[in-house]
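S.K.: Pasting a predicted model and its sequence here:
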Amino acid sequence: MKAVRFTVPGAPPIVENVPIPQPGPGQVVVKIGGAGVCHSDLHVLDHGAPGFHGPFTLGHENAGWVASLGAGVTGWKLGDPVAVYGFWGCGHCHACLLSMESYCENAEHLSNNGGGIGTDGGMAEYMLVPSPRLLVPLGSLAPRDAAPLTDAALTPYHAIKRGLHLLTPDATAVVIGVGGLGHMAVQLLRVLCGARVVAVDLDDRKLDHARQLGADLVVNSRNAAEAAETINAFTGRRKAAMVLDFVGIQPTLDLAVQLVGRNSQLTVVGVGGGTIPLTQWTLPFGCSVSTPLWGSRAELMEVIALAESGRIHVDTHYFGFEQGPQVLQDLRDGKVMGRGVLVP
Ligand code: NAD
Ligand code: ZN
């Protein structure tokens, strides 16, 4: 079967033929319906998956149909449409038992962090999933539409839920970077709370999209000082109760710091390598900073329910596996709107 693969850090992705996986005892093979192309794939291509060697098949945003069941697997039947939960924890620590596997206590000792992050992922016709606990039913959603929900929607959903108590109708949330994750964050904020939503990006097309998705104010941050002034005028003395940074580079973090108020949350999701100076005086009192990772299996069920009822919708664009390297390059160049999805 064809697969889009990582080889060594810094090398471009390649498309090559690899054997179709067979499930061992307790494992499941999923026939892929769609694999989302995430900016994190670019981090994997550039730096590798920390602690793990290639080559492996990319793709950590996956959905499809149960194709074969290993010995002893019960509860699923062939053809069931499923989302594949992306972070594969140990399965038995406190975090994993809460289904929050991205916070697995044994993460440092695992042989991979999930398909596409140290072992074969879903940018291929079939994917081996080590345990049925990592499958979430898709209901009526088509796998290729649902694949990005497992990360592009789950990650912002989890990040927003952590601070939902702050998002009262008189509050404002700011989303920096309205690409794959950010365009879902705007929609999720609209359905989860009454707070006003500000979208920030460098690309006016992304901002137009954010406005269509319900952002109350869109701001191009190419002039950061003006952007901060515009947003702070909009939020008033309370400033932004929550700032979600889906870029995480120094300029966006510097902007985020100027937007938060007392008791706010500054949530850094983008893996951009910027830093935030933390002293008693560099952030407003009570402001918390966090770097959440992905979300829980239970939260993935909640996200799927929101998509099934039509309350959120991923703006998907479909491509074949052969086009995988080009789509990854387009994402790097900022040309992808919403989410690119590779389909067999
Ligand atoms: P994307 O490329 O689809 O979107 C990024 C958006 O940011 C684009 O719209 C781009 O125009 C905008 N942008 C770029 N530079 C900007 C700047 N200086 N100011 C304002 N906007 C800017 O990427 P994505 O797939 O949505 O991923 C976003 C980030 O989140 C990546 O760093 C990715 O690795 C990370 N991520 C983190 C987690 C997690 O659990 N923490 C999960 C998934 C992805
Ligand atoms: Zn664990």
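M.R.: Perfect, I can see it now. Ligands and ions are numbered 1, 2, ... in the order given.
S.K.: Please count neighbours and contacts with C-alpha atoms only from this point.
M.R.: Will do.
S.K.: Can you pull up the residues of the stretch 1-150 of the chain that come close to ligand 2?
M.R.: The stretch 1-150 of the chain has residues Gly89, Cys90, Gly91, Cys93, Cys96, Cys104 near ligand 2, with proximity defined as Cα under 5 Å from the ion.
S.K.: residues contacting Asp41?
M.R.: Leu58, Gly59, Leu328 (Cα atoms under 8 Å, 6 or more residues apart in numbering).
S.K.: Relative to ligand 2, which of these is nearest.
M.R.: Nearest to ligand 2 among the contacts of Asp41, counting by Cα to the ion, is Gly59 at 21.5 Å.
S.K.: before we move on, back to that, kindly present the residues of the stretch 1-150 of the chain next to ligand 2 as CSV, with separate columns for neighbour count, distance to ligand 1 and pLDDT.
M.R.: Shown next, in CSV, are these (neighbours: other Cα atoms under 10 Å; distance: Cα to the nearest ligand atom, whole Å; pLDDT from 0 to 100):
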residue, neighbour count, distance to ligand 1, pLDDT
Gly89, 27, 14, 97
Cys90, 19, 18, 97
Gly91, 19, 19, 97
Cys93, 16, 20, 98
Cys96, 20, 16, 98
Cys104, 24, 13, 98
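S.K.: Among those residues, which lie within helices?
M.R.: Among those, the members found in helices (DSSP state H) are Cys96.
S.K.: and stretch 294-314, does that touch ligand 2?
M.R.: No - with Cα under 5 Å from the ion as the criterion, ligand 2 is not reached by stretch 294-314; the gap is at least 11.8 Å.
S.K.: List the buried residues in that stretch.
M.R.: Buried residues in stretch 294-314, defined by neighbour count with 16 or more other Cα atoms under 10 Å: 294-297, 299-301, 303-308, 312-314.
S.K.: Closest one to Gly139 out of these, please.
M.R.: Glu308 (7.4 Å; Cα to Cα).
S.K.: where's that closest one relative to Tyr157, distance?
M.R.: 15 Å (Cα to Cα, to the nearest Å).
S.K.: list the contacts for Leu128?
M.R.: Counting by Cα under 8 Å, 6+ apart, Leu128 has contacts Pro21, Gln22, Pro23, Gln27, Val28, Val29, Val30, Asp120, Gly121.
S.K.: Over to Tyr262: give its phi and psi.
M.R.: Not Tyr; residue 262 is Arg. The phi/psi pair for Arg262 (degrees, to the nearest 10) reads phi -60, psi 140.
S.K.: does it really touch Phe285, like I thought?
M.R.: Yes - with contacts counted by Cα atoms under 8 Å, Arg262 reaches Phe285, the gap being 5.1 Å.
S.K.: These two: which has the busier surroundings?
M.R.: Arg262 (16 against 12; other Cα atoms under 10 Å).
S.K.: Might one say that Val343 is in contact with Phe319?
M.R.: Yes - between Val343 and Phe319 there is a contact at 6.0 Å, judged by Cα under 8 Å.
S.K.: the more surrounded of those two?
M.R.: Val343 (23 against 17).
S.K.: Not counting its neighbours along the chain, what's nearest that one?
M.R.: Spatial nearest neighbour of Val343, chain neighbours left out: Gly34 (4.7 Å); criterion: Cα to Cα, 6 or more residues apart in numbering.
S.K.: Assumed that neighbour was part of a helix.
M.R.: No - with DSSP: H, G, I helix; E, B strand; the rest coil as the criterion, Gly34 is located in strand rather than a helix.
S.K.: mind listing what it touches?
M.R.: Gly34 touches 62-64, 122-123, 143-147, 341-344, counting by Cα under 8 Å, 6+ apart.
S.K.: Show only the entries of those residues found in helices.
M.R.: Pro143, Arg144, Asp145, Ala146.
S.K.: what about the last one, neighbour count?
M.R.: Spelled out, that is Ala146. 31.
S.K.: Which pLDDT value goes with it?
M.R.: Ala146 is assigned 98 on the pLDDT scale.
S.K.: ok, now which ones touch it?
M.R.: Contacts of Ala146 by Cα under 8 Å, 6+ apart are Gly34, Ala63, Ala83, Leu138, Ile304, Val314.
S.K.: switch the cut-off to 10 Å
M.R.: Contacts of Ala146 were listed using Cα atoms under 10 Å, 6 or more residues apart in numbering, and they are 33-36, 61-64, 81-83, 138, 140, 153, 303-304, 307-308, 313-314, 316, 341.
S.K.: And the first one, by the same measure?
M.R.: Contacts for Pro143 (Cα under 10 Å, 6+ apart) come out as 31-35, 62-65, 81-83, 149, 343.
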